[in-house]
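Novice: Sequence first, then the predicted structure:
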Amino acid sequence: MDRFCLIAADSRDRHNAFARDVKAGLLARPKHLNCCYFYDAEGSALFEAICELPEYYVTRAEREILQAHAGAIADRFPQGVRLVELGSGNSAKTRLLIAAFLQRQEHLQYVPIDICRVVLQESARELLRDYPKLEVVAVAAEYREGLRHLRKEAERPKLVLWLGSNVGNFDRGEAAEFLRQVRDTLGPDDRLLMGVDLRKERRALESAYDDAQGVTADFNLNLLTRINRELGGHFDRNRFRHRAVYNESVGRIEMYLVSTCAHTVRIDALDLEVAFAADEAIHTENSYKYSLAEIDALAHAAGLVTEAQLFDGDRRFSVNLLAPARSPDALRCD
Ligand code: AVJ
């Protein structure tokens, strides 16, 4: 199929990185696991289920914004612009933008970058079926790898998408540093469209990350199942419970897997025995929330300026259109 191409990182390298990170994280105090490992095929499917939950307002709010503004966003770009998306997942909301651009230009190249190859392939198939004028260059890779891809093709006109408040998984300083690297791949007419979840009252946040049906708990616990399958782990999911708490002073949801009793877990491939005390937690995710001032500070620290800031009707979520700030050198030349 000549409208599709997949660029994938070496699966052996990724397996080794998983083994190394799990070992380091479970030997650390406090114990932690990197949230990028949530997204195996099962975890990605569970995340898609989260996006449909009544409590998880994030996806709905962002979709509402894109529905209202996709056309106006597309109007700002010249013919022939490409869409590059970091952490594209199933690209469901991106369809709104793809459709808007395809109403304005004959062809569109879309470059989804995601760590889950299964999801990339599946969603690319559906996109190509639904949009005959679309070309998909899928990149199965982590953000770091994705940045390398952006750098390689920096000079081609593009809109970079970073939706879903994926930025929330980074500490604030790391987020600024990552965004600065994204900015360095932007030409003067290129833009970044970034979805950022907003600070809000504790109750709404904590139920969004600890839903009544227990889908988020399953999503969190799936990390243990993945370790069992891929690394010969012997975790018993019944001995752990999901915990999500809003740490208001730093403005982030923290997710944990908490051991319900004192016990030891063997992981064969790591030749490791991990001891858990009763109530000992593994920290598995941070999801940072932003005030408007914090979004401003983030953009500024990354060398970006806000061209447009869009909200859903309840002002729970923001979509930010960001341009590279003109460097002092460029100003001097004018
Ligand atoms: C994909 C990182 C944006 O933080 O809201 C959802 C992941 N974790 N429920 C988020 C997630 C638990 C999600 N992000």
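Specialist: Yep, it's here.

Novice: and stretch 309-329, how far from the chain's centre?
Specialist: Averaging C-alpha coordinates over stretch 309-329 and over its chain gives two centres that are 17 Å apart (C-alpha atoms, centre = their mean, to the nearest Å).

Novice: Repeat that for stretch 85-94.
Specialist: Going by C-alpha atoms, centre = their mean, the spacing between the C-alpha centre of stretch 85-94 and its chain's C-alpha centre is 9 Å.

Novice: How about it and the ligand, any contact?
Specialist: No. Remark: stretch 85-94 sits outside contact range of the ligand, by C-beta under 6 Å from any ligand atom, the gap being at least 7.1 Å. C-beta coordinates here come from the backbone N, C-alpha and C atoms, glycine included.

Novice: Can you show me the CA trace of that stretch as PDB?
Specialist: The C-alpha atoms that make up stretch 85-94 are tabulated as PDB, following Å, rounded to 0.1, in the frame of the first residue of the first chain:
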ATOM      1  CA  GLU A  85       1.300  14.000  16.100                       C
ATOM      2  CA  LEU A  86       3.100  13.000  19.300                       C
ATOM      3  CA  GLY A  87       1.400  10.300  21.200                       C
ATOM      4  CA  SER A  88      -1.300   9.800  18.600                       C
ATOM      5  CA  GLY A  89      -3.000   6.800  20.200                       C
ATOM      6  CA  ASN A  90      -6.000   5.800  18.000                       C
ATOM      7  CA  SER A  91      -6.100   9.300  16.400                       C
ATOM      8  CA  ALA A  92      -9.900   9.500  17.200                       C
ATOM      9  CA  LYS A  93      -9.900  13.300  17.900                       C
ATOM     10  CA  THR A  94      -7.300  14.000  15.200                       C
END
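
Novice: For that stretch, the averaged confidence score.
Specialist: Per-region confidence: stretch 85-94 scores 97 on mean pLDDT.

Novice: what does it contact?
Specialist: The contact list for stretch 85-94 (C-beta atoms under 8 Å, 6 or more residues apart in numbering) reads 44, 47-48, 51, 59, 62-63, 66, 83, 98, 110-116, 119-120, 122-123, 127, 143, 146, 160-164, 166, 182.

Novice: of those, list those near the ligand.
Specialist: 164, 166.

Novice: Could you list which residues are in contact with the residue lying closest to residue 79 once chain neighbours are set aside?
Specialist: Once its chain neighbours are removed from consideration, residue 79 has its nearest residue in residue 105; the separation is 5.0 Å (C-beta to C-beta, 6 or more residues apart in numbering). Taking C-beta under 8 Å, 6+ apart as the criterion, residue 105 is in contact with 79, 80, 81.

Novice: Closest one to the ligand out of those, please.
Specialist: The shortest approach to the ligand among the contacts of residue 105 belongs to residue 81, at 25.2 Å (C-beta to the nearest ligand atom).

Novice: Look up the closest residue to the closest one, ignoring the ones flanking it.
Specialist: Counting by C-beta to C-beta, 6+ apart, residue 157 is the residue found nearest to residue 81 once chain neighbours are left out, at 4.7 Å.

Novice: circling back: what's the distance between the residue nearest to residue 79 and residue 228?
Specialist: Between residue 105 and residue 228 the distance, using C-beta to C-beta, to the nearest Å, works out to 47 Å.

Novice: Most neighbours among the contacts of residue 105, please name it.
Specialist: residue 81 (20 neighbours; other C-beta atoms under 10 Å).

Novice: Enumerate the residues of this protein near the ligand.
Specialist: Proximity of the chain to the ligand (C-beta under 6 Å from any ligand atom) is limited to residues 50, 58, 164, 165, 166, 168, 169, 209, 216, 285, 287.

Novice: Which pair of those spans the longest distance?
Specialist: Of all pairs drawn from these, the one with the largest separation by C-beta to C-beta is 166 and 216; the distance is 16.4 Å.

Novice: More neighbours: which of these two?
Specialist: Per other C-beta under 10 Å, whichever of residue 166 and residue 216 has more neighbours is residue 216, with 24 against 21.

Novice: packing partners for the strand or helix carrying that one?
Specialist: Element membership of residue 216, judged by DSSP states H and E, is helix 215-231. When contacts are defined as 3 or more C-beta pairs under 8 Å, 6 or more residues apart in numbering; DSSP states H and E, helix 215-231 packs onto helix 11-27, helix 41-51, strand 240-247, strand 252-259, strand 281-288.

Novice: export it as CSV, just CAs?
Specialist: Taking Å, rounded to 0.1, in the frame of the first residue of the first chain, the C-alpha atoms of helix 215-231 are listed here in CSV:
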residue,chain,number,x,y,z
VAL,A,215,-11.4,0.7,34.2
THR,A,216,-8.6,3.0,35.4
ALA,A,217,-7.7,0.4,38.1
ASP,A,218,-7.5,-2.2,35.4
PHE,A,219,-5.3,0.1,33.3
ASN,A,220,-3.0,0.6,36.2
LEU,A,221,-2.9,-3.1,37.2
ASN,A,222,-2.2,-4.1,33.6
LEU,A,223,1.3,-3.0,34.2
LEU,A,224,1.8,-5.9,36.5
THR,A,225,0.2,-8.3,34.0
ARG,A,226,2.7,-7.0,31.4
ILE,A,227,5.6,-7.6,33.7
ASN,A,228,4.3,-11.1,34.3
ARG,A,229,4.0,-11.8,30.5
GLU,A,230,7.1,-10.1,29.2
LEU,A,231,9.5,-10.6,32.1
